[in-house]
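> mind looking at a prediction? Sequence and model below.
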Amino acid sequence: MSQLQVKVISKTEEAEDIASFELAGVDGKALPPFSAGSHIDVHIRDGLIRQYSLCNPPHESHRYQIGVLRDANSRGGSVAMHGDIRVGDVLTISEPRNHFPLTQAKRSLLLAGGIGVTPILCMAERLAATGADFVMHYCARSPERTAFRDRIAASAFADRVVYHYDSGADEQKLKLAQMIATPDADTHIYVCGPGGFIDHVVNTAKEKGWPSAQVHLEYFGAAPIETDGDAPFDVKIASSGKVFTIPAGETVIKILADNGVDIPVSCEQGVCGTCLTRVLEGVPDHRDLYLTDEERAANDQFTPCCSRAKSALLVLDV
(Lines give C-alpha, C1' and ligand atoms only; values in the text may rest on other atoms or scores of the structure.)
Protein backbone atom coordinates (compact mmCIF):
# COMPACT_ATOMS: atom_id res chain seq x y z
CA MET A 1 0.00 0.00 0.00
CA SER A 2 1.23 3.49 -0.86
CA GLN A 3 2.64 5.61 1.92
CA LEU A 4 2.32 9.35 2.42
CA GLN A 5 4.36 11.95 4.25
CA VAL A 6 2.23 14.29 6.33
CA LYS A 7 2.94 17.09 8.77
CA VAL A 8 1.19 17.51 12.10
CA ILE A 9 -0.42 20.96 11.77
CA SER A 10 -2.35 20.91 15.04
CA LYS A 11 -2.66 18.87 18.22
CA THR A 12 -5.68 19.60 20.41
CA GLU A 13 -6.83 18.25 23.76
CA GLU A 14 -10.42 17.35 22.93
CA ALA A 15 -11.29 15.80 26.30
CA GLU A 16 -9.64 14.13 29.26
CA ASP A 17 -7.03 11.73 27.81
CA ILE A 18 -8.17 12.35 24.22
CA ALA A 19 -6.18 14.40 21.71
CA SER A 20 -6.89 15.12 18.08
CA PHE A 21 -4.22 15.52 15.43
CA GLU A 22 -4.62 17.34 12.13
CA LEU A 23 -2.39 16.03 9.36
CA ALA A 24 -1.65 17.79 6.05
CA GLY A 25 0.49 16.86 3.07
CA VAL A 26 4.07 18.09 3.42
CA ASP A 27 3.96 19.34 -0.17
CA GLY A 28 0.73 21.25 0.33
CA LYS A 29 -1.10 19.11 -2.19
CA ALA A 30 -4.51 17.53 -1.71
CA LEU A 31 -4.56 14.27 0.21
CA PRO A 32 -6.12 11.10 -1.26
CA PRO A 33 -9.91 11.01 -0.87
CA PHE A 34 -11.58 8.90 1.79
CA SER A 35 -15.04 7.72 2.73
CA ALA A 36 -16.80 7.74 6.10
CA GLY A 37 -15.50 4.89 8.27
CA SER A 38 -11.98 4.95 6.80
CA HIS A 39 -8.79 4.65 8.81
CA ILE A 40 -5.08 5.16 8.23
CA ASP A 41 -1.95 3.43 9.48
CA VAL A 42 0.33 5.83 11.35
CA HIS A 43 4.03 4.95 11.58
CA ILE A 44 4.79 6.41 14.98
CA ARG A 45 8.37 5.23 15.20
CA ASP A 46 10.45 2.32 13.89
CA GLY A 47 8.30 -0.80 13.95
CA LEU A 48 5.40 0.86 15.78
CA ILE A 49 2.35 1.20 13.54
CA ARG A 50 -1.16 1.93 14.73
CA GLN A 51 -4.52 2.43 13.03
CA TYR A 52 -6.62 5.51 13.63
CA SER A 53 -10.01 6.34 12.13
CA LEU A 54 -10.42 9.57 10.21
CA CYS A 55 -12.95 11.83 11.89
CA ASN A 56 -13.02 14.98 9.77
CA PRO A 57 -15.76 15.46 7.14
CA PRO A 58 -15.03 13.08 4.25
CA HIS A 59 -15.37 15.75 1.58
CA GLU A 60 -12.21 17.45 2.87
CA SER A 61 -8.97 16.91 0.96
CA HIS A 62 -6.65 19.42 2.65
CA ARG A 63 -6.29 17.47 5.89
CA TYR A 64 -6.90 14.28 7.80
CA GLN A 65 -7.98 14.39 11.45
CA ILE A 66 -7.61 11.55 13.93
CA GLY A 67 -8.47 11.21 17.59
CA VAL A 68 -6.25 9.27 19.99
CA LEU A 69 -7.12 8.02 23.47
CA ARG A 70 -4.27 7.84 25.97
CA ASP A 71 -4.70 4.24 27.10
CA ALA A 72 -3.27 3.06 30.40
CA ASN A 73 -2.95 -0.41 28.85
CA SER A 74 -1.30 0.91 25.70
CA ARG A 75 1.32 -1.20 23.95
CA GLY A 76 3.16 2.04 23.15
CA GLY A 77 1.12 3.70 20.42
CA SER A 78 -1.20 6.02 22.31
CA VAL A 79 1.45 6.96 24.86
CA ALA A 80 3.85 7.89 22.05
CA MET A 81 1.20 9.87 20.18
CA HIS A 82 0.29 11.87 23.29
CA GLY A 83 3.78 12.27 24.68
CA ASP A 84 6.15 12.39 21.73
CA ILE A 85 4.33 13.74 18.68
CA ARG A 86 4.45 17.52 18.30
CA VAL A 87 3.09 20.11 15.88
CA GLY A 88 5.50 20.30 12.97
CA ASP A 89 6.52 16.65 13.13
CA VAL A 90 6.45 14.72 9.86
CA LEU A 91 4.81 11.29 9.97
CA THR A 92 4.53 8.44 7.50
CA ILE A 93 0.99 7.19 7.02
CA SER A 94 -0.84 4.84 4.69
CA GLU A 95 -3.50 5.91 2.25
CA PRO A 96 -6.99 5.60 3.77
CA ARG A 97 -8.78 2.29 3.57
CA ASN A 98 -12.25 1.37 4.74
CA HIS A 99 -13.41 -1.82 6.47
CA PHE A 100 -16.36 -0.02 8.09
CA PRO A 101 -18.28 1.69 5.27
CA LEU A 102 -21.74 3.18 5.27
CA THR A 103 -24.42 1.17 3.49
CA GLN A 104 -27.34 2.56 1.53
CA ALA A 105 -30.25 2.61 3.99
CA LYS A 106 -33.33 4.69 4.65
CA ARG A 107 -32.26 5.16 8.26
CA SER A 108 -29.01 4.77 10.19
CA LEU A 109 -28.53 4.28 13.92
CA LEU A 110 -25.03 5.36 14.97
CA LEU A 111 -23.71 4.09 18.31
CA ALA A 112 -20.39 5.40 19.64
CA GLY A 113 -18.64 4.28 22.80
CA GLY A 114 -15.75 6.42 24.03
CA ILE A 115 -13.03 6.96 21.43
CA GLY A 116 -15.16 4.90 19.04
CA VAL A 117 -16.80 8.23 18.24
CA THR A 118 -14.14 8.98 15.61
CA PRO A 119 -15.51 6.93 12.68
CA ILE A 120 -19.08 7.44 13.90
CA LEU A 121 -18.64 11.22 13.82
CA CYS A 122 -17.33 11.00 10.27
CA MET A 123 -20.40 8.96 9.34
CA ALA A 124 -22.67 11.58 10.91
CA GLU A 125 -20.96 14.27 8.85
CA ARG A 126 -21.56 12.31 5.67
CA LEU A 127 -25.15 11.38 6.44
CA ALA A 128 -26.00 14.98 7.35
CA ALA A 129 -24.38 16.27 4.15
CA THR A 130 -26.51 13.93 2.04
CA GLY A 131 -29.74 14.68 3.90
CA ALA A 132 -30.04 11.13 5.22
CA ASP A 133 -32.19 10.10 8.18
CA PHE A 134 -30.06 9.15 11.19
CA VAL A 135 -29.58 9.53 14.92
CA MET A 136 -26.29 9.26 16.81
CA HIS A 137 -25.96 8.02 20.39
CA TYR A 138 -22.65 8.89 22.06
CA CYS A 139 -21.79 6.97 25.24
CA ALA A 140 -18.94 8.12 27.48
CA ARG A 141 -17.87 7.88 31.09
CA SER A 142 -18.51 11.56 31.80
CA PRO A 143 -18.83 14.93 30.03
CA GLU A 144 -15.14 15.55 30.76
CA ARG A 145 -14.22 12.44 28.75
CA THR A 146 -16.47 13.30 25.80
CA ALA A 147 -14.48 14.40 22.74
CA PHE A 148 -15.61 16.83 20.03
CA ARG A 149 -18.53 18.26 22.03
CA ASP A 150 -18.00 21.80 20.71
CA ARG A 151 -17.74 20.56 17.15
CA ILE A 152 -20.93 18.53 17.48
CA ALA A 153 -22.77 21.43 19.14
CA ALA A 154 -21.86 23.69 16.21
CA SER A 155 -22.75 21.12 13.56
CA ALA A 156 -25.87 20.94 11.41
CA PHE A 157 -26.76 17.62 13.07
CA ALA A 158 -26.42 18.67 16.72
CA ASP A 159 -30.09 17.94 17.37
CA ARG A 160 -29.60 14.34 16.20
CA VAL A 161 -26.92 13.51 18.79
CA VAL A 162 -27.90 12.06 22.16
CA TYR A 163 -25.33 11.79 24.97
CA HIS A 164 -25.24 9.02 27.57
CA TYR A 165 -22.87 9.11 30.56
CA ASP A 166 -21.83 6.34 32.92
CA SER A 167 -21.70 8.99 35.64
CA GLY A 168 -25.16 10.35 34.85
CA ALA A 169 -28.65 9.58 36.09
CA ASP A 170 -30.27 6.30 35.11
CA GLU A 171 -32.85 7.99 32.90
CA GLN A 172 -30.17 9.33 30.51
CA LYS A 173 -28.31 6.04 30.10
CA LEU A 174 -28.53 4.11 26.85
CA LYS A 175 -31.68 1.97 26.76
CA LEU A 176 -30.48 -0.22 23.93
CA ALA A 177 -32.96 -3.08 24.32
CA GLN A 178 -35.85 -0.63 24.04
CA MET A 179 -34.24 1.29 21.21
CA ILE A 180 -33.82 -1.74 18.95
CA ALA A 181 -36.67 -3.85 20.33
CA THR A 182 -38.18 -4.44 16.88
CA PRO A 183 -36.05 -5.18 13.79
CA ASP A 184 -36.56 -2.70 10.97
CA ALA A 185 -35.57 -3.72 7.44
CA ASP A 186 -34.97 -0.06 6.52
CA THR A 187 -32.54 0.66 9.37
CA HIS A 188 -28.84 -0.18 9.62
CA ILE A 189 -26.91 -0.07 12.89
CA TYR A 190 -23.29 1.10 13.12
CA VAL A 191 -21.31 0.63 16.32
CA CYS A 192 -17.73 1.38 17.33
CA GLY A 193 -16.06 1.49 20.73
CA PRO A 194 -14.60 -0.80 23.39
CA GLY A 195 -15.07 -4.53 22.91
CA GLY A 196 -17.61 -4.86 25.70
CA PHE A 197 -19.73 -2.05 24.27
CA ILE A 198 -19.72 -3.58 20.79
CA ASP A 199 -20.48 -7.06 22.12
CA HIS A 200 -23.44 -5.66 24.07
CA VAL A 201 -24.86 -4.05 20.93
CA VAL A 202 -24.25 -7.09 18.73
CA ASN A 203 -25.69 -9.54 21.26
CA THR A 204 -28.73 -7.38 21.96
CA ALA A 205 -29.41 -6.94 18.25
CA LYS A 206 -29.13 -10.69 17.76
CA GLU A 207 -31.52 -11.38 20.64
CA LYS A 208 -34.04 -8.97 19.14
CA GLY A 209 -33.83 -10.64 15.74
CA TRP A 210 -31.83 -8.10 13.77
CA PRO A 211 -30.10 -9.66 10.72
CA SER A 212 -26.32 -9.55 11.04
CA ALA A 213 -26.14 -7.85 7.62
CA GLN A 214 -27.80 -4.79 9.18
CA VAL A 215 -25.36 -4.50 12.09
CA HIS A 216 -21.97 -3.03 11.18
CA LEU A 217 -19.10 -2.81 13.64
CA GLU A 218 -15.47 -1.94 14.08
CA TYR A 219 -13.32 -2.94 17.04
CA PHE A 220 -10.48 -0.64 18.10
CA GLY A 221 -8.60 -3.24 20.07
CA ALA A 222 -8.71 -6.82 21.22
CA ALA A 223 -9.00 -8.08 24.77
CA PRO A 224 -6.07 -10.14 26.06
CA ILE A 225 -6.23 -13.72 24.82
CA GLU A 226 -5.97 -16.64 27.23
CA THR A 227 -2.87 -18.57 26.12
CA ASP A 228 -2.32 -21.06 28.96
CA GLY A 229 -3.65 -23.97 26.92
CA ASP A 230 -1.71 -23.20 23.74
CA ALA A 231 0.36 -25.96 22.16
CA PRO A 232 3.11 -25.81 19.52
CA PHE A 233 2.22 -26.38 15.87
CA ASP A 234 4.00 -26.25 12.53
CA VAL A 235 3.62 -23.81 9.66
CA LYS A 236 4.72 -24.72 6.14
CA ILE A 237 5.49 -22.05 3.55
CA ALA A 238 4.00 -23.24 0.27
CA SER A 239 6.44 -21.35 -1.98
CA SER A 240 9.59 -22.76 -0.38
CA GLY A 241 8.48 -25.90 1.44
CA LYS A 242 10.15 -24.69 4.62
CA VAL A 243 8.52 -25.69 7.89
CA PHE A 244 8.69 -23.68 11.10
CA THR A 245 7.51 -24.63 14.57
CA ILE A 246 5.42 -22.03 16.38
CA PRO A 247 5.96 -22.47 20.14
CA ALA A 248 3.33 -21.70 22.73
CA GLY A 249 3.52 -18.03 23.61
CA GLU A 250 4.88 -16.95 20.22
CA THR A 251 3.01 -15.70 17.16
CA VAL A 252 3.22 -16.99 13.62
CA ILE A 253 4.17 -13.49 12.45
CA LYS A 254 7.14 -13.28 14.82
CA ILE A 255 8.55 -16.72 14.08
CA LEU A 256 8.24 -16.19 10.33
CA ALA A 257 9.83 -12.73 10.55
CA ASP A 258 12.69 -14.13 12.63
CA ASN A 259 13.32 -16.57 9.78
CA GLY A 260 13.17 -14.04 6.96
CA VAL A 261 9.56 -14.60 5.89
CA ASP A 262 7.90 -11.21 5.89
CA ILE A 263 4.13 -10.81 5.99
CA PRO A 264 2.83 -7.23 6.24
CA VAL A 265 1.55 -6.56 9.75
CA SER A 266 0.13 -3.55 11.50
CA CYS A 267 -2.13 -3.80 14.57
CA GLU A 268 -0.76 -7.14 15.88
CA GLN A 269 -4.15 -7.79 17.51
CA GLY A 270 -6.22 -9.29 14.71
CA VAL A 271 -8.24 -6.13 14.25
CA CYS A 272 -7.08 -4.48 11.03
CA GLY A 273 -6.70 -7.38 8.56
CA THR A 274 -3.32 -6.22 7.21
CA CYS A 275 -1.67 -9.62 7.77
CA LEU A 276 -4.57 -11.72 6.45
CA THR A 277 -3.04 -14.82 4.83
CA ARG A 278 -4.52 -17.66 2.79
CA VAL A 279 -4.48 -21.12 4.38
CA LEU A 280 -4.05 -23.98 1.89
CA GLU A 281 -4.15 -26.86 4.38
CA GLY A 282 -4.97 -27.26 8.06
CA VAL A 283 -7.48 -25.72 10.42
CA PRO A 284 -6.79 -22.29 11.95
CA ASP A 285 -7.67 -21.37 15.52
CA HIS A 286 -9.20 -17.96 14.80
CA ARG A 287 -8.55 -15.34 17.50
CA ASP A 288 -9.09 -12.20 15.46
CA LEU A 289 -11.83 -9.58 15.46
CA TYR A 290 -11.60 -9.00 11.72
CA LEU A 291 -13.12 -12.02 9.96
CA THR A 292 -16.84 -12.66 9.92
CA ASP A 293 -18.26 -15.90 11.32
CA GLU A 294 -18.78 -17.12 7.76
CA GLU A 295 -15.19 -16.33 6.79
CA ARG A 296 -13.86 -18.12 9.86
CA ALA A 297 -15.97 -21.19 9.10
CA ALA A 298 -14.40 -21.41 5.64
CA ASN A 299 -10.95 -21.87 7.29
CA ASP A 300 -9.16 -20.70 4.14
CA GLN A 301 -7.54 -17.59 5.65
CA PHE A 302 -6.36 -16.39 9.04
CA THR A 303 -4.55 -13.56 10.82
CA PRO A 304 -1.05 -14.81 11.77
CA CYS A 305 -0.47 -11.89 14.13
CA CYS A 306 -2.68 -13.51 16.78
CA SER A 307 -4.38 -16.67 15.51
CA ARG A 308 -2.97 -20.17 15.89
CA ALA A 309 -3.85 -23.68 14.67
CA LYS A 310 -6.25 -26.41 15.72
CA SER A 311 -4.40 -28.86 13.47
CA ALA A 312 -0.77 -29.91 13.81
CA LEU A 313 0.16 -28.16 10.55
CA LEU A 314 -0.92 -25.10 8.60
CA VAL A 315 0.21 -24.67 4.99
CA LEU A 316 0.26 -20.98 4.10
CA ASP A 317 0.01 -19.44 0.64
CA VAL A 318 3.19 -17.44 1.08
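Looks like it came in fine.

> how does the chain divide into domains?
3-94, 107-219, 233-316 (automatic domain parsing).

> now for these, which one comes closest to Pro101?
domain 3-94 (5.0 Å; CB to CB). Using the backbone N, CA and C atoms, a C-beta is placed for each residue, glycine as well.

> hang on, the earlier thing: make CSV out of the domains of the chain and add mean neighbour count, mean pLDDT and distance to Pro101.
As requested, the domains of the chain are exported to CSV (neighbours: other CB atoms under 10 Å; pLDDT from 0 to 100; distance: least, CB to CB, whole Å):
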stretch, mean neighbour count, mean pLDDT, distance to Pro101
domain 3-94, 17, 92, 5
domain 107-219, 18, 95, 8
domain 233-316, 17, 93, 14
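
> okay if I get those as TSV plus distance to Phe100?
Shown next, in TSV, are the domains of the chain (distance: least, CB to CB, whole Å):
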stretch	distance to Phe100
domain 3-94	4
domain 107-219	4
domain 233-316	11
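
> hey, where'd the helices end up in the stretch 151-300 of the chain?
Counting by DSSP state H, counting those that start in this stretch, one finds helices in the stretch 151-300 of the chain at the ranges 176-179, 195-207, 252-258, 293-298.

> and of those helices, who's closest to Gln65?
helix 195-207 (22.6 Å).

> contact partners of that closest one?
With CB atoms under 8 Å, 6 or more residues apart in numbering as the test, helix 195-207 has contacts from 111, 113-114, 116, 139, 176-177, 180, 189, 191-192, 212, 214-215, 217, 219, 221-223, 289.

> quick check: Arg308 touching Gly249?
No - with contact defined as CB atoms under 8 Å, Arg308 does not count as touching Gly249 (10.6 Å).

> which neighbours do these two share?
Asp230.

> show me where the stretch 201-318 of the chain has strands.
In the stretch 201-318 of the chain, the strands defined using DSSP state E, counting those that start in this stretch lie at 215-219, 233-237, 243-246, 277-281, 284-285, 301-302, 308-309, 313-316.

> got CSV for those strands, with distance to Gly168 too?
Below are these laid out as CSV (distance: least, CB to CB, whole Å):
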stretch, distance to Gly168
strand 215-219, 25
strand 233-237, 49
strand 243-246, 47
strand 277-281, 45
strand 284-285, 41
strand 301-302, 42
strand 308-309, 42
strand 313-316, 49
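
> quick one: distance of the helix or strand hosting Ala19 to the chain centre.
Applying DSSP states H and E as the criterion places Ala19 in strand 18-25. The chain centre lies 17 Å from the centre of strand 18-25; the measure is CA atoms, centre = their mean, to the nearest Å.

> list the contacts of it.
For strand 18-25, using CB under 8 Å, 6+ apart, the contacting residues are 4-14, 31, 55-56, 62-70, 81-82, 85, 91, 93, 115, 145, 147-148.

> among the residues you listed, which lie within strands?
Counting by DSSP state E, these place 4-14, 64-69, 91, 93 in strands.

> which residue packs closest to the spatially most central residue of the chain, ignoring adjacent ones?
For the chain, the residue nearest the mean C-alpha position is Phe220 (4.0 Å; CA atoms, centre = their mean). Take Phe220 and drop its neighbours on the chain: the residue closest to it by CB to CB, 6 or more residues apart in numbering is Gly116, 6.2 Å away.

> my read: that neighbour touches Leu217, true?
No - counting by CB under 8 Å, Gly116 does not reach Leu217; the two are 9.5 Å apart.

> what do those two both touch?
Common neighbours of Gly116 and Leu217 (CB under 8 Å, 6+ apart) are 191-192, 198.

> hang on, the earlier thing: now do the strand holding Ala19 against strand 3-15, angle only.
Strand 18-25 runs at 150 degrees relative to strand 3-15, counting by axes from the mean of the first three to the mean of the last three CA atoms, to 10 degrees.

> quick one: strands adjacent to strand 18-25?
strand 3-15 (antiparallel), strand 64-69 (antiparallel) (DSSP bridges).
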